[in-house]
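K.L.:
Mind looking at a prediction? Sequence and model below.
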Amino acid sequence: AVLQQKATPPVIAKYAKGSVVFFYPADWIVNDIPAATDMISAQVSDTKDMIVFAASSNKSYSDPSVNGEPKYNKDITLNNIAGKERLWEDAQSQAVIFRADNFFFQNRHYRFEMFSVLSRKVKAEKVWRDILASVKFAETADEKIEAKPSAE
């Protein structure tokens, strides 16, 4: 008889601050950067695979320029809030940059970005999709960071 081993669900951590919550891999390093009240500025990173996810909010919308060739630009919604998602690849620096922004909630503009290297694009894109799928906007988010197995 073949014994089937059940896959262990990935351990995820929760970031909650201001009006946004998202989940990320629990073994990543979190850098919660001080920001104005009800604003967010955070980075979570996988130093082993050189992947950095950044989340920020601001009172005004900004769209910093990115080096590289645009690969797509599409309208998306996260938790019923409309925004844009784009991807750039820069062959010269071997960088891949994901950006989802122009999400307006509670008088704030939210931007989510992920930076990686082209050799890690497949892994980065999977984590990007998982994090974006977990984003929730709420009137207030209980500020805490916790790690627990996902319920998937």
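P.N.:
Alright, I've got the coordinates. In this text, all values refer to a predicted model and were calculated from it rather than measured experimentally. Numbers count the residues shown, from 1 in each chain.

K.L.:
hang on, S119 is in a helix, isn't it?
P.N.:
Yes: judged by DSSP: H, G, I helix; E, B strand; the rest coil, S119 forms part of a helix.

K.L.:
Name the nearest residue to I33, ignoring sequence neighbours.
P.N.:
S41 (4.1 Å; C-beta to C-beta, 6 or more residues apart in numbering). C-beta here means a position set from N, CA and C on the backbone, and glycine is covered the same way.

K.L.:
Show the backbone phi and psi for the one you found.
P.N.:
Backbone dihedrals for S41, given as degrees, to the nearest 10, come out at phi -160, psi 100.

K.L.:
Begin at 54 from now on, thanks
P.N.:
Got it, the first residue is 54 from now on, which makes the last one we talked about S94.

K.L.:
That one: neighbour count?
P.N.:
17 (other C-beta atoms under 10 Å).

K.L.:
so it touches S109, yeah?
P.N.:
Yes: checked against C-beta atoms under 8 Å, the pair S94 and S109 is within contact range at 4.9 Å.

K.L.:
quick one: common contacting residues for these two?
P.N.:
Taking C-beta atoms under 8 Å, 6 or more residues apart in numbering as the contact rule, S94 and S109 both touch A88.

K.L.:
who touches stretch 177-193?
P.N.:
By C-beta under 8 Å, 6+ apart, stretch 177-193 touches 65, 72-78, 99, 102, 104, 106, 129, 131-134, 138, 149, 151, 153, 156, 158-159, 163, 165, 167, 169.
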